[in-house]
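1. Predicted model and sequence follow; I will ask about them next.
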Amino acid sequence: DHPTTSIETRHARSGETWVVKCRPFCPLQHLLETSATLPIANRHVVTTILSYPRNGVHTYFWPRRGELAYDGSTTNVEFAGRQVMKGESKGRTYCCGLTLEVCYRALDAFGKVPSRFEALGPSEFKRLWFCTDVFAAGPGDALEALGAGRRLSLDEALPGDFVQFWRNNKTGHSVIFVGWALDESGNKIGLHYWSTQEATQGIGFV
């Protein structure tokens, strides 16, 4: 929750690192200051992510194939009168599971089940959210199929938007947008986000 003042980047192959200074940015303060101005859906998402502990209670765990069958959520998740996600005993998480859990909790806050949910079903919704292929849109595909969202251009991004990004080595990460990282001249050089990852030993801002 402390202000970020620089971004360190490491080249995947050479291991070379470089640091770029950025304008100081405190994710928690930014969300608290901007949440009232956001669209209602984004406000529900922001309220939801701020309710999660960021002290390592829910550590990060990505299971290898056959190691553990769980959905990456902090707990079992129910929506529209049925269980839609399976947690595990230690409350551990992985990225797409956690963001999908947030999505369900935000949808539940509306008090209305999207009209396409029964036809689509939670299994297909999860399959799309978890990405059907490398470079898939993940949440973009899932929310469009559900009729509960649309893909945005980068210029439209607001706190509380769901993001699926892909690295050059074809590894991806499911996150929730907090704000842009700006260099000292005001140019966009990265993004601040919330998710679960090894770097924060579980749920946290990056």
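-> Sure thing, it's come through. Bear in mind that the values here come from a model prediction, so they are computed numbers and not experimental data. Numbering: from 1, shown residues only.
2. what residue ranges in this protein score low on pLDDT?
-> Within the chain, the segments meeting pLDDT under 70 span 1.
3. can you map out the helices along it?
-> For the chain, helices defined by DSSP state H occupy the ranges 27-34, 40-50, 95-110, 117-120, 122-129, 139-146.
4. Which residue lies nearest the spatial centre of this protein?
-> When Cα atoms, centre = their mean is applied to the chain, the residue found nearest the centroid is V175 (2.4 Å).
5. Pairing partners for it in the sheet, please.
-> Here V175 sits in beta bridges with V163, as judged by DSSP bridges.
6. ok, it - contacts?
-> With Cβ atoms under 8 Å, 6 or more residues apart in numbering as the criterion, the residues that contact V175 are C95, T99, F162, V163, Q164, F165, Y193, W194, S195, V206. To be clear about C-beta, it is placed using only N, CA and C from the backbone, and glycine gets the same treatment.
7. Can you give me the neighbour number for the closest residue to T9 other than its chain neighbours?
-> With sequence-adjacent residues excluded and distances taken as Cβ to Cβ, 6 or more residues apart in numbering, T9 is closest to W18, at 5.7 Å. Neighbour count of W18, defined by other Cβ atoms under 10 Å: 9.
8. K90 too?
-> The criterion is other Cβ under 10 Å. On that basis, K90 has 13 neighbouring residues.
9. any idea how far S174 is from the residue lying closest to G160 once chain neighbours are set aside?
-> Residue nearest to G160 in three dimensions, not counting chain neighbours: N42, with 3.2 Å by Cβ to Cβ, 6+ apart. Plainly put, N42 is 17 Å away from S174 if you go by Cβ to Cβ, to the nearest Å.
10. Which one's more surrounded, these two?
-> When N42 and S174 are compared for neighbours, S174 comes out ahead with 25 against 19, by other Cβ under 10 Å.
11. do you know how far the more buried one is from L32?
-> 24 Å.
12. tell me which of the contacts of V175 is nearest to C22?
-> The shortest distance between C22 and any of those, using Cβ to Cβ, involves V206 and amounts to 13.1 Å.
13. Surely that closest one and T196 touch.
-> No - contact criterion Cβ atoms under 8 Å: V206 and T196 do not qualify, at 9.9 Å.
14. In terms of neighbours, single out the busier of these two.
-> A count of neighbours by other Cβ under 10 Å puts T196 above the other of V206 and T196, at 31 against 17.
15. Pull the number of nearby residues for the residue nearest to the more buried one when sequence neighbours are not counted.
-> Beyond its immediate neighbours in the sequence, the residue positioned closest to T196 (Cβ to Cβ, 6+ apart) is T93, lying 4.3 Å away. Close neighbours of T93, defined as other Cβ under 10 Å, add up to 30.
16. which ones are touching T93?
-> Taking Cβ under 8 Å, 6+ apart, we find T93 in contact with H58, T59, Y60, F61, G72, S73, T74, T196, G202, I203.
17. give me that answer again for 7 Å
-> H58, Y60, G72, S73, T74, T196, G202, I203 (Cβ atoms under 7 Å, 6 or more residues apart in numbering).
18. Of the residues you listed - the most surrounded one?
-> Counting by other Cβ under 10 Å, T196 has the largest number of neighbours within the contacts of T93, with 31 neighbours.
19. circling back: reformat the contacts of T93 as CSV; add distance to G140.
-> Formatted as CSV, the contacts of T93 follow (distance: Cβ to Cβ, whole Å):
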residue, distance to G140
H58, 25
Y60, 23
G72, 18
S73, 20
T74, 23
T196, 20
G202, 25
I203, 22
